[in-house]
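Novice: Quick check, what structure comes out for this input:
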Amino acid sequence: MEIVNIAEKLSSFTDHWSPKIIGELNGQQVRLSKFKGEFVWHHHENEDEMFLVIKGELTLGFRDGDKVLNEGEFIIVPKGVEHKPSAQEEVSVLMFEPATALNTGNLDNDLTIMNLDRI
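Specialist: Numbering: from 1, shown residues only. The predicted structure follows:
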C-alpha cells in the first residue's frame, strides 16, 4: 500500500493525451492525463469510463451536445457512447477505467497508446 500524491504525479510529465497509470485495483486502472486541444471522436465497446477534472475545464462532446466539467466534477461515460474530449487550456484529468480500455477506444490511429507508462 502506498499513498499517491496526485499533484506530485502531475508534475512529473508534460505531454498531452498520454494517460499514465498511477494505481490499479480489481482489473481497473487509475490514470492521470493532461489534455489540451481536441481529441478524436471514439467510443469504448466494452468499458465505461470516468473522467474527474483535477485542474482546469474539460469539454466532453457527445453527439447530442457538449458537457463542460470544472475542477472537482466528474462524469461517467457508459460503454458504447461516442465522445470527444477537448480543452481550450490545459486540463488535468483523473480517469478510472478497466485496464483493457485503450485511450482511443474503438480506433487504432497515431494517438493510440498500447502500453501506458506507469508513474
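Novice: Return the helix or strand in this structure with minimum mean pLDDT.
Specialist: Using mean pLDDT, DSSP states H and E, strand 117-118 stands out as the lowest-scoring helix or strand of the chain, at a mean of 93.
Novice: which residues are contacting that strand?
Specialist: Strand 117-118 is contacted by residues 13, 18, 20, 21, 22 when judged by Cβ atoms under 8 Å, 6 or more residues apart in numbering. C-beta coordinates here come from the backbone N, C-alpha and C atoms, glycine included.
Novice: so what's the residue nearest the centre of the chain up against?
Specialist: Centroid-nearest residue in the chain, with Cα atoms, centre = their mean: residue 95, separated by 4.7 Å. The contact partners of residue 95, taken as Cβ under 8 Å, 6+ apart, are 19, 30, 31, 32, 33, 49, 50, 51, 52.
Novice: show me where this structure has strands.
Specialist: Taking DSSP state E as the criterion, the chain contains strands spanning 20-25, 28-38, 49-55, 58-62, 65-69, 74-77, 83-98, 117-118.
Novice: Give me the sheet partners of the second one and which way each runs.
Specialist: In the sheet containing strand 28-38, the strands it pairs with under DSSP bridges are strand 20-25 (antiparallel), strand 83-98 (antiparallel).
Novice: tally of neighbours for the residue nearest to residue 38 when sequence neighbours are not counted?
Specialist: Nearest non-adjacent residue to residue 38, counting by Cβ to Cβ, 6 or more residues apart in numbering: residue 86, 4.5 Å away. Neighbours of residue 86 under the rule other Cβ atoms under 10 Å: 15.
Novice: Would you confirm that residue 86 contacts residue 59?
Specialist: Yes: counting by Cβ atoms under 8 Å, residue 86 does reach residue 59; the two are 4.9 Å apart.
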